[in-house]
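S.K.: Need the 3D shape of this:
(chains A, B, C and D)
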2 protein chains.
Amino acid sequence: METNAETAAERKCPIETVIHLLGGKWKPLILWHLLESTRRFSELEKLIPEVTQKMLAQHLRELEADKLVTRTIYPSVPPKVEYMLSDYGKTMVPVLETMCAWGETHNRLSLRPAAQAIANV
Amino acid sequence: METNAETAAERKCPIETVIHLLGGKWKPLILWHLLESTRRFSELEKLIPEVTQKMLAQHLRELEADKLVTRTIYPSVPPKVEYMLSDYGKTMVPVLETMCAWGETHNRLSLRPAAQAIANV
DNA sequence: TAGGGCACTTACTCGAAAGTAAGCATGGCT
DNA sequence: AGCCATGCTTACTTTCGAGTAAGTGCCCTA
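M.R.: Reported below is the predicted structural model:
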């Protein structure tokens, strides 16, 4: 698809660049936990119980490909792998914080509730 | 699906709230153009030539349901409909600007280029 | 020798998001 | 009478992201 073929530099709107980077279902949560400290794969699994191993691995690999996180392998047995925000990833911290701030403020004024949520009211 | 049933207030991470609101394929671009001024449906079509009428209408209605944009109908013939950022939508301007700023800076350092983009280099 | 822990893959399935193409309602213009 | 413009809607199809479940490789321990 052509829209996938466009490079970041070709995107019409810089907002899309950010959405593209953070857009995976679990990426915000992963970054959220990496803001605090370095994490192992199994730690992230515990911190985000709903995510499957497949999706966690996939999103981590995408974040790594996007250079937002760094993957460090310690050649021990059993294996140990640590994920942390890269320096590049840290440049996005203000963006994440601004989004968080807005989200926190406006979470409470619930917006477009899902169908089931309406049904339960 | 359970994750869709959660209300905004139940979201684990406030970033998700923002992603949820801006997450449609054309929403960032729509808001981007509404930042500048009020726009008619047909203006947005010209500004975003790749979007279909269906998707434009759908995303505009979602943005309206989320109270980010206001829809004003002028009962003229042919019909005239104007879309603008609501006051609530304007509270998100700093978020959009922060994202834009990051995106603009980092667009140039192209990140994870798509396969075809690589092939063309 | 069997089982366990870690950090993943792989193959398959499903549903939602997005795209395509066509139609509709109004009334004015020629 | 026929065509145009605007701002959509509808029905159908395709694509893609995400979920399920099972398997892999390594070496240590019991």
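S.K.: For A:S86, which non-adjacent residue is spatially closest?
M.R.: Setting aside the residues directly before and after it, A:S86 is nearest to A:T70 in space (Cβ to Cβ, 6 or more residues apart in numbering or on different chains), at 4.6 Å. The way it works is simple: take the backbone N, C-alpha and C, and place the C-beta from them, glycine included.
S.K.: Contact partners for the one you found?
M.R.: By Cβ atoms under 8 Å, 6 or more residues apart in numbering or on different chains, A:T70 lies in contact with A:E64, A:Y83, A:M84, A:L85, A:S86, A:G89.
S.K.: Just the closest of the residues you listed to chain B, please.
M.R.: Nearest to chain B among these: A:E64, at 9.7 Å, using Cβ to the nearest Cβ.
S.K.: Contact partners for the residue nearest the centre of chain A?
M.R.: In chain A, the residue lying closest to the centroid (Cα atoms, centre = their mean) is A:K27, at 1.9 Å. A:K27 makes contact with A:L21, A:H59, A:E62, A:L63 under the criterion Cβ under 8 Å, 6+ apart.
S.K.: Tell me, how many residues neighbour the third one?
M.R.: Pointing back at A:E62 there. For A:E62, the count of nearby residues is 17 (other Cβ atoms under 10 Å in any protein chain shown).
S.K.: And the pLDDT at it?
M.R.: A:E62 is assigned 97 on the pLDDT scale.
S.K.: Output the below-cut-off pLDDT ranges for chain A.
M.R.: A:1-11, A:108-121 (pLDDT under 70).
S.K.: ranges for the helices of it?
M.R.: Taking DSSP state H as the test, the helices found in chain A are A:2-5, A:14-22, A:27-36, A:41-47, A:53-65, A:87-90, A:93-107, A:115-120.
S.K.: any chance of the ones you listed in CSV, with distance to B:W32 too?
M.R.: Shown next, in CSV, are the helices of chain A (distance: least, Cβ to Cβ, whole Å):
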stretch, distance to B:W32
helix A:2-5, 16
helix A:14-22, 6
helix A:27-36, 21
helix A:41-47, 33
helix A:53-65, 24
helix A:87-90, 24
helix A:93-107, 16
helix A:115-120, 29
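S.K.: Ok, which of those helices comes nearest B:I15?
M.R.: B:I15 lies closest to helix A:27-36 among those, at 3.8 Å (Cβ to Cβ).
S.K.: Any residue of that closest one touching DNA strand C?
M.R.: No - Helix A:27-36 does not reach DNA strand C (Cβ under 7 Å from any atom of the strand); its nearest approach is 12.1 Å.
S.K.: Nearest to B:K12, out of the helices of chain A?
M.R.: helix A:27-36 (6.0 Å).
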